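Novice: dropping the sequence and predicted coords here.
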Amino acid sequence: MKPRLDYLLAAAALVAGGLLIFAIRRWRGSKTEAARRQRAESALGVLKDELDARVLLRTAELRDANRALHSEVAERRQVEAALRESEAHYRVLFDNMMNGYAHCRIITVSGQAQDFTYVKVNRAFGELTGLKNVTGRKVSEVIPGFLESDRQLLEAYGRVAQTGIPEQFERYVGAMGMWFSISAYSPAKGEFVALFEVITERKKAEVALRESEERHRQLFDNSPLPIWLYDQDTHRFLAVNESAIRHYGYAREEFLGMTTDQIGFSGPAAPREGPGGEGSFEARHRRKDGTAIEVEVFSRPLVLGGLNQRLELVVDITDKKVLQQQFLRAQRLESLGMLASGIAHDFNNVLAPIVFAGPLLRDSVSDPRDQKILDTLERSAERGVGLVRQILSFAHGATGEPQLIQVKHLARDVISIVTDTFPKSIEIEHHIPGDAWTIEGNPTQIHQVLINLCLNARDAMPGGGRLTVSAANRHLGQLEAGRIPGARPGDWLVLEVRDNGTGIPPLVLARIWEPFFTTKAANKGTGLGLATVRGIVANHHGFIEVESEVGRGTVFRIFLPSAEAQSADPGRPTPGPLPPGNGELILVVEDEQAFRDMIADILSSHGYRVLSFSDGLEALRVFTTRSNEASLVITDVDMPNLNGAELARLVSLLRPDILVIAMSGLSGGGDDGQGVELAIKRTHAFLRKPFKAELLLATVSRLFAARK
């Protein structure tokens, strides 16, 4: 404004000067005018000089002002260019920012946010949300269902727009199915700007992490095995699960106040480490009640919260250790059984001639005293045979096929055994009726049941007492059967073993059928006796009744279903005369000379021709030359050079219709009984040593009769 005023003053001075000159020229003619003109001109000159000076000064000032104006215009242009450049830069940043940007205006009704309109959004908004062309539109139009499902987010935006106070929060927008992290502020009353990023994947990862942590926590807390975490430097427990609390008997607070040494580690100082510091070791721990347990600990290092820690899982292997001991004991018993089997087999060969000769001598002995001696000899031999068969059955685990059993004979054998072997302080009584019903089953297993129960009764009477073994036929009606656990109506043979010993306490009585449970001292019992008894009785479709009173004794009653058919005692020869032979040639192959000679004598005395051999090779050589003449081969199974099973195969190849009888002191089963089983398959009959002459003759006669 100042330069323009100076221009006006200068112009006014110039006009005034012009008018003055014009007046002077008009008055030049007169002197007065001349003088006046002279004075005026003089004054005008002075004025002109002054005006010129002032014009020059103002011109200089205007020139300077003009330069300043040009400089200011240039600076303003520079500022405007910089501003335009800055706006372009921020526009690029705005359009390319990673976070979404939404400038919105709130729509309120009665002071409450009801909707909002998009004023401006950036490119990231559309890319992150998938929403296009939203400017000027309401959110209710852009995102259907937003106002109904995401009311809390609308209210948060309304607070920011009304109060101007920024807010930062995370929200799940149900209408879009997405999680957002949002920073909101208000640029003007009733408006808000939301800067946001989509965090759906992060939220999913957080949920997955929480679920994983929860699963691991559940695994830790609910594991059936004890698990704990402890500080490797101090050995102090940091965490324990419920299984550890139950298994060791300490409360959680007690555990967390203890160190690992206080539960009695007696294993290595550190685990046997593998890759990554993981390892395992065995140790002996103590429960709170003082009980010692054997454990296997699986351990691995962890670093949590800057602490060197160890996570350990504990497996109680006490029962496993017991089973290992039982297994080792069973192996020792198996070794003893194999030794006993060998001895018993040889003993069988010793008994065979005695059993075979007894009946033969009876016809030649008439003196009553000699007859009595012969009776004693036969009974002793039969008892020896029974003992040997028991040893072989137990050593080989032979079971045999089910058959009709006269239990009275088994019971009497057991009574004979316990009478001879039990302490004299134990009185043995028995009541076995002659008309006891037969049962169908395995004789060896029933024998084992009675022996096991008698042994338990003996152990219950360390100072002596009375053992009673009895049998009875019994019919159970519906009412009576209902009073006995596991009973069924029907006809039963009842075997009873009774003692007047120490009795069984109620708590122990409830566990007597558990495998490996025993109240006996170490090395005094396996804990398998009664479990075996129960298993055998169950396999025979029977049941057991037990009564016991502490200090007064125990009774076991074994109920076995009666067989419908009655049968003669198996293994006993059928009475009646046997037809004599017709000169048939029989080859007898037996390495025990005494028994071989007796077989040859009895066959010869009944009309057969006999050739005897001490081994299979010798018999085979003769058979090749006389195969058409021979009618029967009787061979022992266990022989030198060529065993009975192989001899039976070879003679059958030379003559397929040849009759073969195998005999052995073994009954099959076990490694040393495989030859017996093979021989039974390849022959027409099998005789278990020792056998009586009547059984031999009956078997030979039966085979010849079947061939006719």
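Specialist: Yes, it's here. Numbers count the residues shown, from 1 in each chain.
Novice: ramachandran coordinates for the residue nearest in space to the middle of the chain?
Specialist: Central residue of the chain (Cα atoms, centre = their mean): residue 224, 10.2 Å from the mean position. Here is the backbone geometry of residue 224 (degrees, to the nearest 10): phi -70, psi -10.
Novice: can you check residue 189 too?
Specialist: phi -60, psi 130.
Novice: that one reaches residue 163, doesn't it?
Specialist: No. Contact criterion Cβ atoms under 8 Å: residue 189 and residue 163 do not qualify, at 9.9 Å. To be clear about C-beta, it is placed using only N, CA and C from the backbone, and glycine gets the same treatment.
Novice: ok, back up a step: quick check: pLDDT value at the closest residue to the residue nearest to the centre of the chain other than its chain neighbours.
Specialist: Of all residues not flanking residue 224 in the chain, residue 243 sits nearest, at 5.9 Å (Cβ to Cβ, 6 or more residues apart in numbering). You'll see residue 243 listed with a pLDDT of 91.
Novice: just checking, the residue nearest to the centre of the chain touches residue 241?
Specialist: No. Using Cβ under 8 Å, residue 224 is not in contact with residue 241, being 9.7 Å away.
Novice: what are the structural domain limits within this structure?
Specialist: The record, using automatic domain parsing to delimit domains, assigns the chain the ranges 2-93, 100-203, 223-316, 337-561, 585-707.
Novice: mind checking which helix or strand of this protein has the lowest mean pLDDT?
Specialist: One helix or strand of the chain scores below all others by mean pLDDT, DSSP states H and E: strand 272-273, with a mean of 50.
Novice: which intervals of the stretch 451-600 of the chain have sub-threshold pLDDT?
Specialist: 515-528, 564-577 (pLDDT under 70).
Novice: one step back: can you tell me how far the residue nearest to the centre of the chain is from residue 314?
Specialist: Taking Cβ to Cβ, to the nearest Å as the measure, residue 224 falls 11 Å from residue 314.
Novice: next one: residue 482
Specialist: Residue 482 is 47 Å from residue 314, by Cβ to Cβ.
Novice: so for these two, which sits in the more crowded spot?
Specialist: Neighbour totals were compared for residue 482 and residue 314, and residue 314 leads with 22 against 12 (other Cβ atoms under 10 Å).
Novice: contacting residues for that one?
Specialist: 225, 226, 227, 228, 244, 247, 285, 295, 296, 297, 298 (Cβ atoms under 8 Å, 6 or more residues apart in numbering).
Novice: in the strand or helix carrying the last one, what counts as buried?
Specialist: For residue 298, the host element (DSSP states H and E) is strand 292-304. Neighbour counts over strand 292-304 (16 or more other Cβ atoms under 10 Å) mark 293, 294, 295, 296, 297, 298, 299, 300 as buried.
Novice: give the pairing partners of that strand; include direction for each.
Specialist: strand 279-286 (antiparallel), strand 307-316 (antiparallel) (DSSP bridges).
Novice: endpoints of stretch 477-488, how far apart?
Specialist: 8 Å (Cα to Cα, to the nearest Å).
Novice: hmm, who's touching that stretch?
Specialist: By Cβ under 8 Å, 6+ apart, stretch 477-488 touches 476, 489, 490, 543, 544, 545, 559.
Novice: tabulate the residues you listed in JSON lines, adding columns for neighbour count and distance to residue 426.
Specialist: Output for the contacts of stretch 477-488, formatted as JSON lines (neighbours: other Cβ atoms under 10 Å; distance: Cβ to Cβ, whole Å):
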{"residue": "476", "neighbour count": "18", "distance to residue 426": "31"}
{"residue": "489", "neighbour count": "13", "distance to residue 426": "36"}
{"residue": "490", "neighbour count": "13", "distance to residue 426": "34"}
{"residue": "543", "neighbour count": "20", "distance to residue 426": "28"}
{"residue": "544", "neighbour count": "21", "distance to residue 426": "23"}
{"residue": "545", "neighbour count": "16", "distance to residue 426": "23"}
{"residue": "559", "neighbour count": "24", "distance to residue 426": "26"}
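Novice: in strands only, show me the residues you listed.
Specialist: If you go by DSSP state E, those have 476, 490, 543, 544, 545, 559 in strands.
Novice: of those residues, which pair is most distant in space?
Specialist: Greatest spacing in the ones in strands among the contacts of stretch 477-488, by Cβ to Cβ: 490 and 544 (15.8 Å).
Novice: quick one: the helices in the stretch 351-500 of the chain?
Specialist: For the stretch 351-500 of the chain, the helices defined by DSSP state H, counting those that start in this stretch cover 368-396, 407-421, 443-459, 478-482.
Novice: same check on the stretch 601-708 of the chain?
Specialist: Counting by DSSP H, counting those that start in this stretch, the helices of the stretch 601-708 of the chain are 616-626, 644-654, 674-682, 693-707.
Novice: in CSV: those, plus mean neighbour count and distance to residue 38.
Specialist: Below are those laid out as CSV (neighbours: other Cβ atoms under 10 Å; distance: least, Cβ to Cβ, whole Å):
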stretch, mean neighbour count, distance to residue 38
helix 616-626, 16, 186
helix 644-654, 20, 179
helix 674-682, 19, 171
helix 693-707, 16, 192
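Novice: which of those comes out lowest on mean pLDDT?
Specialist: For the helices of the stretch 601-708 of the chain, mean pLDDT drops lowest on helix 674-682, to a mean of 83.
Novice: pretty sure residue 167 is touching residue 192, no?
Specialist: No. Between residue 167 and residue 192 there is no contact under Cβ under 8 Å: 9.3 Å.
Novice: between these two, which one's more packed in?
Specialist: Neighbour count, other Cβ under 10 Å: between residue 167 and residue 192, residue 192 has more, with 27 against 16.
Novice: so how far is residue 608 from residue 578?
Specialist: For residue 578, the distance to residue 608 - Cβ to Cβ - is 12 Å.
Novice: more neighbours, the two?
Specialist: Neighbour count, other Cβ under 10 Å: between residue 578 and residue 608, residue 608 has more, with 22 against 14.
Novice: got the phi and psi for the more buried one?
Specialist: Taking degrees, to the nearest 10 as the convention, residue 608 sits at phi -110, psi 150.
Novice: so what pLDDT did it get?
Specialist: Confidence score, pLDDT, at residue 608: 95.
Novice: check residue 382 too.
Specialist: 67.
Novice: and if you look at residue 604?
Specialist: Listed pLDDT for residue 604 reads 92.
Novice: residue 583 versus that one, what's the distance?
Specialist: 11 Å.
Novice: likewise residue 125?
Specialist: 120 Å.
Novice: residue 106 too?
Specialist: 130 Å.
Novice: these two: who's more crowded?
Specialist: Of the pair residue 106 and residue 583, residue 106 is the one with more neighbours under other Cβ under 10 Å, namely 22 against 9.
Novice: quick check, pLDDT for that one.
Specialist: Residue 106 is given a pLDDT of 93.
Novice: residues in contact with it?
Specialist: Applying Cβ under 8 Å, 6+ apart to residue 106 gives the contacts 113, 115, 116, 157, 158, 161, 162, 190, 191, 192.
Novice: hang on, it in a strand?
Specialist: Yes. Counting by DSSP: H, G, I helix; E, B strand; the rest coil, residue 106 is found in a strand.
Novice: contacting residues around residue 496?
Specialist: 468, 469, 470, 471, 472, 555, 556, 557, 558.
Novice: just checking, the first one touches residue 432?
Specialist: No. Taking Cβ under 8 Å as the definition, residue 468 is not a contact partner of residue 432, at 11.0 Å.
Novice: tell me the two of the contacts of stretch 477-488 that are most distant?
Specialist: Every pair of the contacts of stretch 477-488 checked by Cβ to Cβ; the farthest is 489 and 544, at 17.1 Å.
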